[in-house]
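[1] what shape does this take:
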Amino acid sequence: MTKPLRPDRPMSNTDRVAAKVSLVAGATFTVLLLGLHLVEPEYDPTWRFVSEYALGHAGWMMTLAFGEWTNCPTRSGWSTSRPHTSSRWA
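    Numbers count the residues shown, from 1 in each chain. Coordinates of the predicted model:
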C-alpha cells in the first residue's frame with residue numbers, strides 16, 4: 001500500500017505567485033489569440049500557421065501572446081520544480 005505524500009513545508013509565497021502568474025499567462029495568451037482572430041479575420045487558422053499573425057498590422061499582439069505562451073510553462077515549472085515532499089515518504 002502506498003503512503004500518501006505529505007508536504008514537508010507549505011508552498012512558499014513565491015511558488016504561489018509563480019503558479020498564479022502561470023495561470024494568468026495562459027489565460028492572457030488565449031484572450032490575445034482570440035482577439036487576433038477578430039482583428040485579422042483574413043487569416044484562416046485552419047490552414048495557416050498561427051505565427052503568421054505576427055506579420056499583420058496587429059503583429060505586436062502576437063508577439064505579446066508568444067511572450068505569454070513562453071511565460072506559462074516557465075512559471076509553472078518554477079512552482080512545481082522545488083521539493084514540497086518529505087524524504088521520509090519517498
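
[2] which intervals of this structure have sub-threshold pLDDT?
    Of all residues in the chain, those with pLDDT under 70 make up the ranges 1-11, 75-90.

[3] okay, which residue is most central for it?
    Centroid-nearest residue in the chain, with C-alpha atoms, centre = their mean: residue 72, separated by 2.0 Å.

[4] please identify which helix or strand holds it.
    Under the criterion of DSSP states H and E, residue 72 resides in helix 59-81.

[5] you'd agree residue 46 is in a strand?
    No. The assignment for residue 46 is coil, going by DSSP: H, G, I helix; E, B strand; the rest coil, so no strand is present there.

[6] for the protein, which helix is longest?
    When the chain is parsed with DSSP state H, its longest helix is helix 13-39.

[7] name the helices or strands packed onto that one?
    Using 3 or more C-beta pairs under 8 Å, 6 or more residues apart in numbering; DSSP states H and E, the elements in contact with helix 13-39 are helix 59-81. For glycine as for every other residue, the C-beta is placed from the backbone atoms N, C-alpha and C.

[8] distance of the nearest residue to residue 54 once chain neighbours are set aside from residue 22?
    Excluding the flanking residues, the one nearest residue 54 by C-beta to C-beta, 6 or more residues apart in numbering is residue 62, at 4.1 Å. In this structure, residue 62 and residue 22 are separated by 20 Å, where distance is defined by C-beta to C-beta, to the nearest Å.

[9] and if you look at residue 39?
    26 Å.

[10] these two: which is more packed in?
    Neighbours of residue 39 and residue 22, each counted by other C-beta atoms under 10 Å, are more numerous for residue 22; the result is 20 against 14.

[11] so the more buried one makes contact with residue 72?
    Yes. Proximity of residue 22 to residue 72 meets the contact threshold set by C-beta atoms under 8 Å, at 5.2 Å.
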